[in-house]
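Novice: 3D, please:
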Amino acid sequence: MAGFDLKLPAGGSQNLYYWLAVGADFETVARINRMVRARGPDRFLSRTAGYWHLWLRTHLPDLEGLSEHVRHHYKLSLLVIRTQVDNAGGIVAANDSDIASEVRDTYSYVWPRDGALVSHVLTLAGHVDLPRRFFEFCARALTAEGYLLHKYNPDGTLASTWLPWYRDGRKELPIQEDETALVLWALWEHFKVFGEVEFIKPLYRPFIRAAADFLADYRDPESGLPKPSWDLWEERYGVHAFTVGTVWAGLTCAANFAEAFGESEQARGYRVAAAEIRRGTDEHL
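Specialist: Numbers count the residues shown, from 1 in each chain. Okay, the predicted model is just below:
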């Protein structure tokens with residue numbers, strides 16, 4: 001515990017700074033503390049503010065014609081999003097703790113669906129590096145079978161899950177298939193904007209092809225629709241319109257990638273699967 005005494009005149013004010021020095025050993029902590037004391041907290045606060053103003057200006061689109069209110073909230077929204085993005089690529093759902101007292105857990109996990117939608121927003125805002133790191137995160141997390149699991153910790157390890165591996169006497173995949181499909185969609189949208197061939201190439205076979213092959217295979221042979229998985233609210237197990245739409249989009253984007261890399265036969269297979277999903281949707285949904 002720590003305590004501080006400040007003597008204030010009536011109606012007066014003072015500033016009080018305190019800081020936490022964190023390091024792997026005592027010498028590191030002591031060095032950081034000496035540096036803050038020598039330079040003063042104001043200098044670090046000013047430098048931090050300067051960095052984030054620069055970060056905003058670097059990718060800021062033309063906001064002319066928009067009100068100051070809208071411009072302010074656009075910038076503020078980007079800063080809020082950035083606070084939820086780990087430097088290693090994980091985009092967490094939320095770092096709030098208000099639910100911890102009731103459910104004994106937080107939302108500080110990486111749901112690939114949430115990350116795909118947020119990475120697309122960052123792409124549209126002109127950010128290259130943050131979505132790129134997220135896609136690399138997903139590529140590392142992809143299973144050997146080609147699907148992404150329920151959710152992950154920010155360090156990439158598998159997080160807690162309430163989706164069962166075994167139910168009603170049979171095994172089932174504890175997945176929400178839209179999570180795998182939406183990452184493919186977001187990756188194609190990113191490539192459309194930035195065209196980074198050197199970035200996409202290492203992801204093409206181990207991630208794009210692997211995920212698309214799973215989406216194409218994990219379908220009911222009669223209806224053509226995706227097999228059952230959990231809905232986006234993790235409440236119902238079945239065939240859901242939202243999931244079906246994302247799988248169709250994921251396969252379509254994978255076909256676009258295959259064509260871009262000159263694999264026409266592979267692209268044709270993904271487009272056939274997408275067409276069968278579309279047909280099954282018209283017939284059954």
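Novice: need the contact partners of whatever helix or strand residue 276 lives in.
Specialist: In the assignment (DSSP states H and E), residue 276 maps to helix 264-284. Counting contacts by C-beta atoms under 8 Å, 6 or more residues apart in numbering, the residues outside helix 264-284 that touch it are 209, 212, 215-216, 219-220, 223-226, 239, 241, 244, 247-248, 251-252, 254-256, 258-259. Any C-beta I mention is one placed from the backbone N, CA and C, and that applies to glycine too.
Novice: which residues of this structure fall in strands?
Specialist: Ranges of strands within the chain are 166-167, 170-171, 229-230, 237-238, based on DSSP state E.
Novice: the third one pairs with which strands, and in what direction?
Specialist: Paired strands of strand 229-230, with direction, are strand 237-238 (antiparallel) (DSSP bridges).
Novice: same thing with the first one?
Specialist: Looking at strand 166-167 with DSSP bridges, its partner strands are strand 170-171 (antiparallel).
Novice: need the CA coordinates for stretch 130-137. PDB is fine.
Specialist: Output in PDB follows, covering the C-alpha atoms of stretch 130-137 (Å, rounded to 0.1, in the frame of the first residue of the first chain):
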ATOM      1  CA  LEU A 130      -2.200  -4.500 -37.200                       C
ATOM      2  CA  PRO A 131      -4.400  -6.600 -39.500                       C
ATOM      3  CA  ARG A 132      -1.300  -8.300 -40.900                       C
ATOM      4  CA  ARG A 133      -0.300  -9.400 -37.400                       C
ATOM      5  CA  PHE A 134      -3.800 -10.700 -36.700                       C
ATOM      6  CA  PHE A 135      -3.800 -12.900 -39.800                       C
ATOM      7  CA  GLU A 136      -0.400 -14.300 -38.800                       C
ATOM      8  CA  PHE A 137      -1.800 -15.000 -35.400                       C
END
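Novice: average pLDDT for that stretch?
Specialist: On average, the pLDDT along stretch 130-137 is 98.
Novice: would you mind listing the outside residues contacting it?
Specialist: If you take C-beta under 8 Å, 6+ apart as the criterion, stretch 130-137 is touched by 82, 85, 87-91, 110, 115-116, 118-120, 122-123, 152, 156, 183, 186-187, 190, 196, 199, 203, 207.
Novice: do stretch 58-68 as well
Specialist: Contacts of stretch 58-68 from elsewhere in the structure, counted by C-beta under 8 Å, 6+ apart, are 70, 71, 74, 75, 125, 126, 127.
Novice: taking the contacts of stretch 130-137, please make a ChimeraX selection of just the buried ones.
Specialist: The buried residues among the contacts of stretch 130-137 can be selected in ChimeraX (16 or more other C-beta atoms under 10 Å) with this line:
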select :85,89,90,91,110,115,116,118,119,120,122,123,152,156,183,186,187,190,199,203,207
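Novice: go through the contacts of stretch 130-137 and flag which are in helices.
Specialist: If you go by DSSP state H, the contacts of stretch 130-137 have 82, 115-116, 118-120, 122-123, 183, 186-187, 190, 199, 203 in helices.
Novice: want to try TSV for those, with distance to residue 47 as columns?
Specialist: Output for the ones in helices among the contacts of stretch 130-137, formatted as TSV (distance: C-beta to C-beta, whole Å):
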residue	distance to residue 47
82	17
115	30
116	33
118	27
119	28
120	31
122	24
123	28
183	35
186	33
187	35
190	31
199	30
203	35
